[in-house]
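>>> 3D model of this:
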Amino acid sequence: MTTILIVEDEPSIAELIAFTLKEAGWSSFVVSTAAAAWDFVQHRAPQLVLLDWMLPDRSGLHLLSRIRADRQLQQMSVIMLTAKSMEEDKIAGLDNGADDYITKPFSPRELTARIKALLRRKSPEHAQEIMSAGPITLDPASCSVSLSGGKIDIGHAEYKLLKFFLAHPDRVFSRSQLLDRVWGDHVVIEERTVDVHVLRLRKALRDAEHLIKTVRSVGYMLSTR
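Numbering: from 1, shown residues only. Have a look, this model is predicted:
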């Protein structure tokens, strides 16, 4: 059975979420602090974490960064629960590795739909083999990227972007298409966000940055030719 950790310090919201997950057939546990959540994910490894942004001890964003920095936990699915609706806050959550976010207040139906969609994307049947282009190698099993055999540090958003490019080599995608396909069509952020992450991706790829091509007035592509 899928195990979901609810990290929420408001008892009424936590109770509603737990009831919603139980009705959907999922097992859930509730903690109210970032410290308790960190201890839980290290010892129990839930399939998904529903993470409130504002917590009494540390921010949910800080906990998310710790999860993504841990090699054993970095593949864990995380959905941010937040009352913050500003675009800058949404971008901050996605930049730090959130798979999705839901703005409070939200309906139980929306929460269930978002969880189901994310679990489908992360299910074993969607796992991929090692992908490569030139000196770049991406291993989905370990969420690692290597250049000529040496592992490199790469942000979560840049990892997802590179993985998408490697899955669709020599095809041009507009900024809006990349937002929909990489971040999800429900994410409402400006297209300039794509430019920022392409710039970061190129910087991470060092001498292989030339493989990420800009197609003027259209968008971006990964060229293998």
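>>> Only C-alpha atoms from now on, for both contacts and neighbour counts.
Will do.
>>> Leu94 contacts Gly155, correct?
No - Leu94 is beyond contact range of Gly155, at 10.4 Å (criterion: C-alpha atoms under 8 Å).
>>> who has more neighbours, these two?
Neighbour tally, Leu94 and Gly155, criterion other C-alpha atoms under 10 Å: the higher count belongs to Leu94, 20 against 17.
>>> show me what contacts the more buried one?
The contact partners of Leu94, by C-alpha atoms under 8 Å, 6 or more residues apart in numbering, come to 100, 157.
>>> separation between it and Thr193?
11 Å (C-alpha to C-alpha, to the nearest Å).
>>> Same question for Pro46.
30 Å.
>>> got a pLDDT number for the residue nearest the centre of the chain?
The centroid of the chain falls nearest to Asp99 when counting by C-alpha atoms, centre = their mean (2.9 Å). The confidence metric pLDDT takes the value 89 at Asp99.
>>> again, but for His126
For His126, pLDDT reads 54.
>>> just the one 4 residues further on next, same as before
According to the prediction, Ile130 has pLDDT 89.
>>> Thr2 too?
84.
>>> count of neighbours near it?
Thr2 - counted by other C-alpha under 10 Å - has 11 other residues nearby.
>>> That one: what's its closest spatial neighbour, skipping adjacent residues?
Using C-alpha to C-alpha, 6 or more residues apart in numbering and skipping the chain neighbours, the partner closest in space to Thr2 is Trp26 (5.5 Å).
>>> Can you name the residues that contact the one you found?
By C-alpha under 8 Å, 6+ apart, the contact list for Trp26 reads 1-4.
>>> Which positions within stretch 107-120 qualify as buried?
Using 16 or more other C-alpha atoms under 10 Å as the burial criterion, the residues of stretch 107-120 that qualify are 111, 114-115, 118.
>>> hmm, back to that, could you check how far the residue nearest to Thr2 is from Leu111?
13 Å.
>>> For the helix or strand of the chain with the lowest mean pLDDT, buried residues please.
Ranking every helix and strand in the chain by mean pLDDT, DSSP states H and E puts helix 87-95 at the bottom, with a mean of 78. Within helix 87-95, the residues scored as buried using 16+ other C-alpha under 10 Å are 90-91, 93-95.
>>> residues contacting the residue nearest to His156 when sequence neighbours are not counted?
Excluding the flanking residues, the one nearest His156 by C-alpha to C-alpha, 6+ apart is Gly97, at 5.1 Å. By C-alpha under 8 Å, 6+ apart, the residues touching Gly97 are 64-65, 68, 155-157.
>>> Quick check: Gly97 vs Asp57, distance?
The value you get for Gly97 to Asp57, if C-alpha to C-alpha is used, is 20 Å.
>>> Show the model's pLDDT score for Thr33.
97.
>>> I'd assumed Ile6 was in contact with it.
No - Thr33 is beyond contact range of Ile6, at 10.2 Å (criterion: C-alpha under 8 Å).
>>> Looking at these two, which is more packed in?
Ile6 (25 against 20).
>>> Could you give the bridge partners of the more buried one?
Beta-bridge pairing for Ile6 (DSSP bridges): Val30, Leu50.
>>> And stretch 44-54, what's buried?
For stretch 44-54, by 16+ other C-alpha under 10 Å, it's 45-54.
>>> Give me the contact list for it.
Applying C-alpha under 8 Å, 6+ apart, the contact partners of stretch 44-54 are 2-9, 59-61, 73, 76-83.
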